[in-house]
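Asker: kindly generate the corresponding structure for this input.
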Amino acid sequence: MSQNCRILGDTFYSDMLVRFSHCDPAGIVFYPQYFIMFNGLVEDWFNQGLGLNYAHYITGHRLGFPIVKLECDFTAPSKIGEIITLGLKLQKLGRSSLEIAVDCRYRDEARLAARFVLVAMDLDRQRAQAVPDDLRALMLAFQKGEFDINNHQRRDS
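Answerer: Just a heads-up that it's a prediction; the model follows:
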């Protein structure tokens with residue numbers, strides 16, 4: 001889904017091509033497609049930003065991260081063929097929840113701003129559970145701008 005990922009400070013950025021499949025007949029992103037992009041962004045953050053295998057957390061650890069709250073402000077449409085940049089910032093890390101802020105831009109133009117809450121969920125019991133300590137440590141390092149995407153390790157502070 002992503003073309004280029006990077007971390008600058010405490011924000012994970014992913015460039016995404018707006019595809020025909022994202023658009024309505026007018027050639028602009030059909031708004032629910034952004035929510036699918038958000039999920040892809042979180043997967044890219046795990047895989048490429050934090051250096052963890054997102055699929056393994058789902059299948060191996062039986063741990064999911066569903067969205068339980070979502071707010072989104074749309075400021076301008078995105079069009080087929082554009083490469084938009086989604087920026088992910090971890091606003092807050094609770095015992096079992098993550099509050100994420102997403103900024104979407106095309107070049108210097110804001111397209112949308114979203115905030116959503118994910119909950120770490122035991123997939124077998126269908127209940128919230130604490131974010132595992134190893135994952136929490138990586139997320140806190142990322143939040144502090146200490147994570148190096150190039151070698152998936154914390155930078156020495």
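Asker: output the below-cut-off pLDDT ranges for this structure.
Answerer: By pLDDT under 70, the weakly predicted segments of the chain are 1-3, 148-157.
Asker: okay, which residue is most central for it?
Answerer: Centroid check for the chain by Cα atoms, centre = their mean gives Val42 as the closest residue, at 2.9 Å.
Asker: what residues are up against it?
Answerer: By Cβ atoms under 8 Å, 6 or more residues apart in numbering, the contact set of Val42 is 54, 65, 88, 100, 118. Yep, even glycine has a C-beta here, placed from its N, CA and C like the rest.
Asker: also Ala128?
Answerer: Contacts of Ala128 by Cβ under 8 Å, 6+ apart are 96-97, 119-122.
Asker: can you pull the phi/psi pair for it?
Answerer: Dihedral angles of Ala128 (phi, psi; degrees, to the nearest 10) stand at phi -60, psi 150.
Asker: tell me what it is bridged to.
Answerer: Bridge pairing for Ala128 (DSSP bridges) gives the partners Met121.
Asker: same check, this time on Cys23
Answerer: Here Cys23 sits in beta bridges with Val29, as judged by DSSP bridges.
Asker: residues contacting it?
Answerer: Shown in contact with Cys23 (Cβ under 8 Å, 6+ apart): 29-30, 33, 79-80.
Asker: check Val117 too.
Answerer: So Val117 contacts 67-70, 97-100 (Cβ under 8 Å, 6+ apart).
Asker: the same query, at a cut-off of 6 Å, please.
Answerer: Contact analysis of Val117 by Cβ atoms under 6 Å, 6 or more residues apart in numbering lists 68-69, 97, 99.
Asker: now those residues in CSV, with distance to Asp15 and neighbour count?
Answerer: Below are the contacts of Val117 laid out as CSV (distance: Cβ to Cβ, whole Å; neighbours: other Cβ atoms under 10 Å):
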residue, distance to Asp15, neighbour count
Val68, 28, 12
Lys69, 26, 11
Ser97, 28, 17
Glu99, 24, 15
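Asker: out of those residues, which is nearest to Gln126?
Answerer: Closest approach to Gln126 among those (Cβ to Cβ): Val68, at 12.8 Å.
Asker: the stretch of helix or strand the closest one belongs to pairs with which strands?
Answerer: Using DSSP states H and E, the element containing Val68 is strand 67-74. Strand pairing for strand 67-74, determined by DSSP bridges: strand 109-119 (antiparallel).
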